[in-house]
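J.: Sequence unavailable; structure follows:
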Ligand SMILES: [Zn+2]
């Protein structure tokens, strides 16, 4: 009951990528020497880590801000998850890591191949060695771009 009060605005940091945390236990952990401690630090976007992100957001006040740092694929997946929690673009800051990789999901053998963000639009599949054409279609569920055989039409 009490008077309406505006909660202090809070920023939640979610970081993705291998260097986000070095394997020492869950999200917080001790980082003496640095004052930066992300609320959520995970290796990559996955159904499990995205659920943890949603849990954090669902417990947060309305008006919270979210900063997501990491490779593009993870950022896009996290942004989608945050949107499902009702966050809007203005509440999110996306920090793309320039040296990030994108993941490509092979439509033929269902393997996921990692490729440098800046490389060409074709990549050899790590599973079936098909040369994949990387589509701009990004699957939230897979946190990966979809790849199709690049030369299927020529062969037909
Ligand atoms: Zn494949």
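T.: It's in. From a predicted model like this one, the values you see are computed outputs, not experimental measurements.

J.: Need the three-state assignment for the residue nearest to residue 150 when sequence neighbours are not counted.
T.: Spatial nearest neighbour of residue 150, chain neighbours left out: residue 133 (3.8 Å); criterion: C-beta to C-beta, 6 or more residues apart in numbering. C-beta: built from backbone N, CA, C; applies to glycine. The three-state label given to residue 133 by DSSP: H, G, I helix; E, B strand; the rest coil is strand.

J.: what sits opposite residue 133 in the beta ladder?
T.: Beta-bridge partners for residue 133, by DSSP bridges, are residue 122, residue 148.

J.: Mark out where each domain of this protein begins and ends.
T.: The chain breaks down into these domains under automatic domain parsing: 11-96, 101-155.

J.: Tell me the secondary structure at the residue positioned nearest the centre of the chain.
T.: Closest residue to the average C-alpha location of the chain: residue 74 at 1.5 Å, with C-alpha atoms, centre = their mean. Here residue 74 is helix, with the state taken from three-state DSSP.

J.: Quick one: residues contacting it.
T.: 16-17, 44-45, 68, 100, 143 (C-beta atoms under 8 Å, 6 or more residues apart in numbering).

J.: bridging residues for residue 15?
T.: Beta-bridge partners recorded for residue 15 (DSSP bridges): residue 41, residue 69.

J.: right, and it touches residue 70 too?
T.: Yes. Residue 15 lies in contact with residue 70 (C-beta atoms under 8 Å); the separation is 5.8 Å.

J.: of these two, who's got more company?
T.: Between residue 15 and residue 70, residue 70 has the larger neighbour count (other C-beta atoms under 10 Å), namely 27 against 22.

J.: what's the neighbour count on the closest residue to the more buried one other than its chain neighbours?
T.: Spatial nearest neighbour of residue 70, chain neighbours left out: residue 16 (2.8 Å); criterion: C-beta to C-beta, 6+ apart. Look at residue 16: counted by other C-beta under 10 Å, it has 29 neighbours.
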